[in-house]
Structure formats: C-alpha cells, structure tokens
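Trainee: Give me a 3D structure for the following:
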Amino acid sequence: MRLGGSIMKPYNSPSEWLAHVRELGYSCVIFPVDSSAPKQVQRDYAQCCRDNDLLIGEVGVWRNVMDRDPAAREQHITYAIRQLEMAEEVGANCCVNISGSPGDLWDGYHPSLDSQEVYADVISTTQRIIDAVKPTKTCYSLEPMPWMVPESPEQYRQLLRDMARPGAFRVHLDYCNMINSLDRYRHASEFITKCFTLLQDEIVSVHAKDVAITDGYLPVCIGEVPPGEGSIDLPLVTKLAHGLGEDTPVFVEHLDDHAAYMKAAAVMRAAAAKAGVPVK
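Mentor: Numbers count the residues shown, from 1 in each chain. Okay, the predicted model is just below:
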C-alpha cells in the first residue's frame, strides 16, 4: 500500500511542497493545487509527482452540488467538472466529493437525504459531472457519509449499478464515516471487512481513520479521533487495503497540524508492520 495525507505547512512551488511530502514519508498525495491554478502550475506539480514516484490518490471537490440555491448549485457543479477535468489531465486515481445536502449545512443531516427524490438527484447530478468530462484515466467518486448517499457498503454497490458509468464512477472508501450506529461500532472489524469485500473491485482510494465513543449520556456519540486513539483495528485496515494492490492509496486526514500528521503516519506504518504489510 501507499501512505499519504494532507500537507499543512505552506508551500509556493513543487520543490517546497516535495520537501514536506518527503518529511512525512508519503508515497501518495492529494493533488496540491486546484483547477483555478494556471495550467503550467498544474503541469509542474504533476511532473513533480511523476519524477518522484508519487501516486496522485485524489483530487478533492468538497462543494455542495446539492445546494438548494440554484445559482450556487450551478457554480459548485461547474467546479466539480473542472476538478474532474484536472484529475483526468494529471492522472489522479479519483476526483472525490460527497453527495451533498439541500440543508443548511452542506455536509450535515437533513430529513430529505433518505428520500428517493434525493437519491435520484444524486444519480443525475453525478452523471452530469461525469458526462461533461468522460474520463478514461481517472474516475469520479463519492465519499460515504453517516447520513447521506452512500451511507453503507450495500448502498454504495447499488449506487454503482444505478450510476451506470462503469470505470468512470468508482469507490472512495471511508469506512469510519459509515460507522454511524452502536452495532457498527461494536462490530467495526466485521463491518470494515464487509466494506472491502463488497466493494473491493471498485475501490480506488481509502481514508484510514479511527473512532471512539465520546463521553456523555444518551444519545451515543461516536467521534473521529486520530489514528491509534480509538477502537479501529488499524493493522486489519492496512491488510485489507494492501489486498487491493500494492499501490492502493491510504490517506490519514482531519488532523490539526504537521506534527499530528507525522504522528499519524508513524502510527499507520506501525500498524502496517504489525500486519506484515509493506508500505511504499
């Protein structure tokens, strides 16, 4: 497997960015500029990746393509298309977003997220983004979330079928985002294994995270914590990821600073060593 994560230190050139990547020991990366950067800048970072055997695991979108404001929604969809175009040009494993929400929070809960109308909207909007680019070297993906499509491996499999864009729509696996119940928390290893088993042929990128039950009374609160500080069997995660192929990108994320990413990378390497998994 390959290990990567965010870069929190500032950089103004591929060489400065590469120095941070090397300090963290990453062999896969999140593409460091977005589609608003000049084309030559995009090409320079892509060449830096090729010259240094850095796999571009993902290009992020992180915009609400389900925004209830029509003008804002169109802006976000256009941005998603531009990001997918860039992912295609630089040869990223995927261009990833979440499906979005018509609520006040773009990544928050809304009662309509469980409706057939929203599901159909997710399909048609994602198809529109994919069809605008028709990617052959990358794909578009939706990161699972606790309360929006897709929120289970079974729903992700159904989404793959209903999307009807084989090869152009594939799986970005964030198993922790789907641990949204006490049952899944208690049986996390079985649940994570099911995620990899049901989706293995389509997984193009993995977020390796940890979770723990937070203090307090009802309802149960399951919160994301840094790798190694929760209950997830991280050696199992590395073993399952490596089973997909030696170049599978595995990312740590949502950490506060460079030191936290250094620590998380070390935890993941130790987990891989415990599982007998080589890390490039």
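Trainee: Tell me which stretches of the stretch 151-280 of the chain form strands.
Mentor: 169-173, 203-207, 210-213, 222-225, 249-252 (DSSP state E, counting those that start in this stretch).
Trainee: With distance to residue 59, mean pLDDT and mean neighbour count added, can I get the ones you listed in TSV?
Mentor: C-beta coordinates here come from the backbone N, C-alpha and C atoms, glycine included. Conversion of the strands of the stretch 151-280 of the chain to TSV gives the following (distance: least, Cβ to Cβ, whole Å; pLDDT from 0 to 100; neighbours: other Cβ atoms under 10 Å):
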stretch	distance to residue 59	mean pLDDT	mean neighbour count
strand 169-173	11	98	26
strand 203-207	10	98	23
strand 210-213	25	96	18
strand 222-225	22	94	16
strand 249-252	12	98	26
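Trainee: any chance you could map the helices in the protein?
Mentor: Under the criterion DSSP state H, the chain contains helices at 14-24, 39-51, 70-90, 116-133, 153-163, 182-186, 188-199, 234-242, 258-275.
Trainee: tell me, how many neighbours does residue 151 end up with?
Mentor: For residue 151, the count of nearby residues is 18 (other Cβ atoms under 10 Å).
Trainee: I'd assumed residue 144 was in contact with it.
Mentor: Yes - under the criterion of Cβ atoms under 8 Å, residue 151 makes contact with residue 144 at 6.1 Å.
Trainee: so what sits against both of these two?
Mentor: Residues touching both residue 151 and residue 144 (Cβ atoms under 8 Å, 6 or more residues apart in numbering) are residue 178.
Trainee: Residue 172 and residue 143 touch, don't they?
Mentor: Yes - here residue 172 reaches residue 143: they are 5.0 Å apart, a contact under Cβ under 8 Å.
Trainee: joint contacts of these two?
Mentor: By Cβ under 8 Å, 6+ apart, the residues touching both residue 172 and residue 143 are 96, 207.
Trainee: Next, count neighbours for residue 147.
Mentor: Neighbour tally, residue 147, other Cβ under 10 Å: 16.
Trainee: and it, what is it in contact with?
Mentor: Contacts of residue 147 (Cβ under 8 Å, 6+ apart): 108, 109, 110, 113, 180.
Trainee: Now, of these, which are buried?
Mentor: 110, 113, 180 (16 or more other Cβ atoms under 10 Å).
Trainee: Among these, which one sits closest to residue 157?
Mentor: residue 180 (17.6 Å; Cβ to Cβ).
Trainee: What separation do you get for that closest one and residue 31?
Mentor: 29 Å (Cβ to Cβ, to the nearest Å).
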